[in-house]
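Novice: Return atomic coordinates for the entry below.
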Amino acid sequence: MIKTFFNFDKANSKDFIPLLSKLQTKISNFFQENIEVHTCYYCNIDFINTFKKNNETKNAFTLDHVLEKADYPFLALSLYNLVPSCYVCNSKVKDSKIPFDDFSPTNKDFDFDKRVKFKSFILNVNLQIEKEQDFYIKLIENYSNKYGEYIKSLNLNDRYDYHKYKVLEMIQKRREYSDSRIKELSDLTKKTQEEVKQDLFGIYISEDLHKRPLSKLIKDISEELDLI
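Specialist: Presented below is the predicted three-dimensional model:
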């Protein structure tokens, strides 16, 4: 009976009125009102922001249970056990067998952004990158394999392969805008060189990583291109 009570979104017992299912909206509203939600906490690929429809606030996120409800039913309603995520991460790719309690993006010890970086690798025998087929990108962890299963479970490398176009755009743009050219633009516009780079390449500083999709990818490739 208690397990059914806490299984708030799938309580379907014939002998039980799932009162807790009504709390699903209240929990979502709590996140909407108290937490800045911009992009998926897991993948940083999709927006999961709030928006207005008919003067009512809606959201584009799902709430993923870090510790699975099937194994920890009493934590099904715990706010600390919920991570705002996109539908793909929550329902299509994430492997529930992975111990996400150790690798939750809301955990204070979660250091994925520092440990793991996107790297580009040239496939073209002439060592030239002109099109997407000339290279690939991959998440590489330095000096350990702490997040190997995390990356695999969320299928991050394959999913980011689609977004190589963004990396190609940055590479091509970097050829056009050398450091000296960026300085010229800085002097001309009276902006700092950092501001010019942000305008040209869409670079966001670390504390803004979750405000825009693909911001980690852009930041890591920017380091490769010696932009930051």
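Novice: pLDDT of stretch 52-68, averaged?
Specialist: Averaging pLDDT along stretch 52-68 yields 84.
Novice: export that stretch as PDB, just CAs?
Specialist: Provided in PDB are the C-alpha atoms of stretch 52-68 (Å, rounded to 0.1, in the frame of the first residue of the first chain):
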ATOM      1  CA  LYS A  52       3.600  30.600 -21.400                       C
ATOM      2  CA  LYS A  53       0.500  29.200 -23.000                       C
ATOM      3  CA  ASN A  54      -2.900  31.000 -22.500                       C
ATOM      4  CA  ASN A  55      -1.400  32.900 -19.600                       C
ATOM      5  CA  GLU A  56      -0.400  29.700 -17.900                       C
ATOM      6  CA  THR A  57       3.200  28.600 -17.200                       C
ATOM      7  CA  LYS A  58       4.200  25.400 -18.900                       C
ATOM      8  CA  ASN A  59       7.400  23.500 -18.800                       C
ATOM      9  CA  ALA A  60       9.400  21.400 -21.300                       C
ATOM     10  CA  PHE A  61      11.200  19.200 -18.800                       C
ATOM     11  CA  THR A  62      10.700  15.800 -17.400                       C
ATOM     12  CA  LEU A  63      11.800  14.900 -13.800                       C
ATOM     13  CA  ASP A  64      14.100  12.000 -13.800                       C
ATOM     14  CA  HIS A  65      14.400   9.800 -10.700                       C
ATOM     15  CA  VAL A  66      18.100   9.400 -10.000                       C
ATOM     16  CA  LEU A  67      17.400   6.500  -7.700                       C
ATOM     17  CA  GLU A  68      14.900   4.400  -9.500                       C
END
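Novice: in which helix or strand would I find the most centrally placed residue in the chain?
Specialist: Central residue of the chain (Cα atoms, centre = their mean): residue 44, 1.9 Å from the mean position. Following DSSP states H and E, one finds residue 44 outside all helices and strands.
Novice: This structure: helices as residue ranges?
Specialist: Applying DSSP state H to the chain gives helices spanning 2-6, 23-34, 87, 112-115, 148-153, 156-161, 164-176, 179-189, 193-201, 215-224.
Novice: What is the fourth one packed up against?
Specialist: Helix 112-115 is packed against no helix or strand, with contacts defined by 3 or more Cβ pairs under 8 Å, 6 or more residues apart in numbering; DSSP states H and E. Bear in mind the C-beta positions are built from the backbone N, C-alpha and C, glycine included.
Novice: CA atoms of that helix as PDB?
Specialist: Output in PDB follows, covering the C-alpha atoms of helix 112-115 (Å, rounded to 0.1, in the frame of the first residue of the first chain):
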ATOM      1  CA  PHE A 112      31.900  16.200 -15.200                       C
ATOM      2  CA  ASP A 113      32.600  19.600 -16.800                       C
ATOM      3  CA  LYS A 114      36.100  19.700 -15.400                       C
ATOM      4  CA  ARG A 115      37.100  16.000 -15.900                       C
END
